[in-house]
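Undergrad: kindly return the folded structure for what I paste below:
(2 chains)
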Amino acid sequence: MADEKKLCLSGSGLTKVFGIGRQKTLAVDHVDFNFYEGEIVSIVGESGSGKTTLAKMLLGLISSTEGDIYFLGEKRDISTQKKKQEYWKNIQAIFQDPYSSYNIFNKIDAVLLDCIRMRGGGNLPHAKKVELMSEACSFVNLKFEELTNKYPFELSGGQMQRLMIARIFLLKPKILLADEPTSMIDACSRATILDMLMQLRDEIGMTIIFITHDVGLAYFVSDSVCIMEHGKIVESGTADEVILHPKEAYTQRLINDVPKIHEEWDLSTV
Amino acid sequence: MSRVMLEVKELTTKYITRFGEDVYAVDHVSLKVEEGKTLGIAGESGCGKSTLALSLMGYYFAPLHYTSGEIIIDGQNISGMDPDDVRKSILGKEIAYIPQSAMNALNPTRKIINFIEDVIQEHELYVTKKDIYDRARKLFETLGLPEEVLQKYPVELSGGMKQRTVIAISVLLLPKVLIADEPSSALDVTSQKMVIKMLRKLMETGLISSLIFITHELPLLYNVTNDIMVMYAGQIVEKGTAQETVFDPLHPYSKGLMGSIIVPEKGLRDVKLTAIPGVPPNLKKPPAGCRFAERCKYVQPECKTRSVDLRELQGDRAYRCIFSEEQLREAYKNG
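TA: A predicted model of the protein is given here:
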């Protein structure tokens, strides 16, 4: 890591409250964070700890009740639709379920062509577009020639998720938000997806926010880790610090919950 | 030797597609599960793990069809039985199944106790609702589930709780063999651990005699099972104890699978994960030779033409490759 890290996305006192009165739930509770450029940051927590709510706020899909988000040092402004679209050029997401991420009526070429258009390449000659698309597909180990004229549902889950990454490769956003991208695909394709995320960081310098409930995955891919419990970030630091020398009991519990192969897996702690 | 609860000999089942093609998703599979033992089945998506689980129950419905082989549960041969008889006397009592999407298996308009009443009344005559409630309460108490769950609707329960409830319902009639098909794949790690703990408890308390556990999560498999069987393209490619298959895999496919293990232990970050390139073959036209040849790092010309048989080693270990044990170990050592 470089000595001078550039701040990419940060938040102060970010809060989200759902419901009113007695039904009030504090989903995200005064969270402060600093995500630096070119890093993979993992947000780890159980179901219901507010990970996805935080992600949606970062994406600008829901508004925050309190607190501010700073993007590249400036306060994020997404008050109008136009500004929002401008912001989304810089932040993109991959979601958990690859099967519902695509428009089922669009062929794969259309999906990728859309990305080129979003980057302002709509007027490029066709040959150049094809070149860009096949470059993106070969980045994710897919063959573009085999994909043309296919619909997304003709692919397997792992291939669909890889195609999602090909989209990201074309769009080259500053920040990629990956919300449990590997929880619905099998262990073997999972390794490939994680490898690709790390390649995106190394080759393009993308900042990746990786959301997961599996401490093992977080430890493998990320530079730093934030642990969330009941809407609060209870522990954060570099991956080695947090996972190998956890301070909080909650972090320790999350680590214990993952099955291990070299150490005894203690089942009595549930 | 202890009692064999489930024995399968050369079981072959096929799917018939709507174009009349035969797809052999389970191809000459033999396995044996002894009393008190857990067998794990590993493999990628599309390798026939779930089809094997369905075939083991002996209850076939289109497009899945029985072709040949024998299934023997505790001495009783159920292969070739009439599906209605299987449903009446085998399912639930002898062999039970927890499907992959157990969370969606509950009808949202009925209470949990209604499902339990259904199962018991279907199999036993003259039982009162009070008796059923008492039985359910006792079972839930043994398994550490709260009694209130019985009076709740499925939507009121969390995912992990629904999964555990489904498991409890599936063991109501004390089956000899329980097949758990990815029981924890939709859950987070904490609920997953609770489910695993419950499965262990089922074995300890003797509610079930043996367990077949199917998943692609190898660390989980290693912690839960005694023996592991690796499946690829409908065939068994490797068999052995959990220790052997995870730390000393012989078949190149198992070796590839073990290379994708991610656990939060020291030294993980220095390991380069080895993903297997490509996808499993289309079983409509299975390859002539070794089915893994297309993706194998150590492929030889003869692999693509000659079909390979399962080599039996000492102590119930077996693998399907043309290389000898020593050759394979040597090859892995050199990377």
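
Undergrad: wondering if the longest helix along chain B reaches chain A at all.
TA: The residue-count maximum for a helix in chain B (DSSP state H) belongs to helix B:189-204. Yes. Judged by Cβ under 8 Å from any Cβ of the partner chain, helix B:189-204 and chain A are in contact via B:189, B:190, B:191, B:192, B:193, B:194, B:196, B:197, B:200. Glycine gets a C-beta too; all of them are placed from N, C-alpha and C.

Undergrad: and the helices in the chain?
TA: Looking at chain A here, since you left the chain open. Ranges of helices in chain A, per DSSP H, are A:51-59, A:81-88, A:108-118, A:126-139, A:144-147, A:157-171, A:187-204, A:215-221, A:239, A:249-257.

Undergrad: that was the other one, I meant chain B.
TA: Counting by DSSP H, the helices of chain B are B:49-56, B:83-85, B:112-123, B:129-142, B:159-170, B:189-204, B:218-224, B:242-247, B:252-258, B:325-333.

Undergrad: now these as CSV including mean pLDDT and mean neighbour count?
TA: As requested, the helices of chain B are exported to CSV (pLDDT from 0 to 100; neighbours: other Cβ atoms under 10 Å in any protein chain shown):
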stretch, mean pLDDT, mean neighbour count
helix B:49-56, 90, 23
helix B:83-85, 86, 11
helix B:112-123, 92, 17
helix B:129-142, 93, 14
helix B:159-170, 90, 22
helix B:189-204, 90, 20
helix B:218-224, 90, 23
helix B:242-247, 90, 18
helix B:252-258, 89, 24
helix B:325-333, 89, 13
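
Undergrad: would TSV of these with distance to residue A:100 be doable?
TA: Compiled in TSV, these are given as follows (distance: least, Cβ to Cβ, whole Å):
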stretch	distance to residue A:100
helix B:49-56	21
helix B:83-85	35
helix B:112-123	29
helix B:129-142	35
helix B:159-170	18
helix B:189-204	22
helix B:218-224	26
helix B:242-247	34
helix B:252-258	28
helix B:325-333	40
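
Undergrad: ok, now which ones touch the residue nearest the centre of chain B?
TA: Relative to the mean C-alpha position of chain B, the nearest C-alpha, by Cα atoms, centre = their mean, is the one of residue B:214, at 3.1 Å. By Cβ atoms under 8 Å, 6 or more residues apart in numbering or on different chains, the contact set of residue B:214 is B:40, B:41, B:49, B:50, B:52, B:53, B:179, B:180, B:181, B:182.

Undergrad: just residue B:190 next, same as before
TA: Shown in contact with residue B:190 (Cβ under 8 Å, 6+ apart): A:46, A:253, A:254, A:257, A:270, B:160.

Undergrad: about what we covered before: which among the contacts of residue B:214 gets closest to residue B:66?
TA: Nearest to residue B:66 out of the contacts of residue B:214 is residue B:52 (Cβ to Cβ; 12.9 Å).

Undergrad: get me the contact residues on the stretch 51-200 of chain B for chain A.
TA: So the stretch 51-200 of chain B meets chain A at B:158, B:159, B:188, B:189, B:190, B:191, B:192, B:193, B:194, B:196, B:197, B:200 (Cβ under 8 Å from any Cβ).

Undergrad: highest neighbour count among the contacts of residue B:190?
TA: residue A:254 (27 neighbours; other Cβ atoms under 10 Å in any protein chain shown).

Undergrad: nearest spatial neighbour of residue B:162, skipping sequence neighbours?
TA: Nearest residue to residue B:162, sequence neighbours excluded (Cβ to Cβ, 6 or more residues apart in numbering or on different chains): residue B:103, at 4.9 Å.
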